[in-house]
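Engineer: Pasting the sequence and the predicted coordinates here, then a few questions.
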Amino acid sequence: MAITEEEAVAVAAPKKKRSLLVIGLVVALLAVSGACAYLFVSHGQHKSATAATGKDAGDAQPAKVQPEYFLPLDPAFVVNFRDDDAMRYLQVGVTLMSHDQAALDTVKGVDPVVRNALVMLFSRQSYSILSDPIGKQKLQADALEAVRKIVAARTGKPGIDALYFTSFVMQ
């Protein structure tokens, strides 16, 4: 009794459908288990966040983001300072940042005072200190403090949140 080609196709078709069904079930099972794992992990993180803060994440108010205002102090500062061997030059571009536009308006109004304080600060620097990134960061912090003192003397609050060196060239 020989099996004809039509009978072989008829027998193979249900097997092919069955194998596709098994593959589909395996894929569906993996998808469901992945979704369950995700929900379990995210629910556990929600519980730990709630326990840590004492508040439900849904109850949290979004932090009010204040806009940042920038004021470039143009032109760039150019000062000379002495090194052990030679006269050196420093060119520094400075931009101030505040969340309070009134503070920047105060700086604009007393620009000569601010520029004088920064020129005096920059010209007191040493080449060896400014060659180091830590020295530049200290100069940046000192410059910010100098500007804050000037603004605070006029407004009663520091007002300036950051001072950025937008260019820094030593020669």
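Structural biologist: Cool, the structure landed.

Engineer: CA atoms for contacts and neighbours, from now on please.
Structural biologist: Noted.

Engineer: Relative to residue 148, how far out is residue 141?
Structural biologist: Distance from residue 141 to residue 148, counting by C-alpha to C-alpha, to the nearest Å: 10 Å.

Engineer: got it, and residue 120?
Structural biologist: With the distance defined as C-alpha to C-alpha, residue 120 ends up 16 Å from residue 148.

Engineer: And residue 160, by the same measure?
Structural biologist: When residue 160 is compared with residue 148 (using C-alpha to C-alpha), they lie 6 Å apart.

Engineer: Show me which of these two is the more surrounded one.
Structural biologist: Neighbour comparison, residue 160 and residue 148: the larger count goes to residue 160, with 25 against 21 (by other C-alpha atoms under 10 Å).

Engineer: Could you tell me how many residues sit around the residue lying closest to residue 159 once chain neighbours are set aside?
Structural biologist: The spatially closest residue to residue 159, leaving aside those adjacent along the chain, is residue 103, at 5.2 Å (C-alpha to C-alpha, 6 or more residues apart in numbering). When neighbours are defined as other C-alpha under 10 Å, residue 103 has 23 of them.

Engineer: List the contacts of residue 103.
Structural biologist: Taking C-alpha atoms under 8 Å, 6 or more residues apart in numbering as the criterion, residue 103 is in contact with 151, 155, 159, 160.

Engineer: from these, which single one is nearest residue 109?
Structural biologist: For these, the minimum distance to residue 109 (C-alpha to C-alpha) is 10.2 Å, reached by residue 151.

Engineer: Against residue 68, how distant is residue 118?
Structural biologist: 22 Å.

Engineer: Who has more neighbours out of these two?
Structural biologist: Taking residue 118 and residue 68 together and counting by other C-alpha under 10 Å, residue 118 has the greater number of neighbours (21 against 11).
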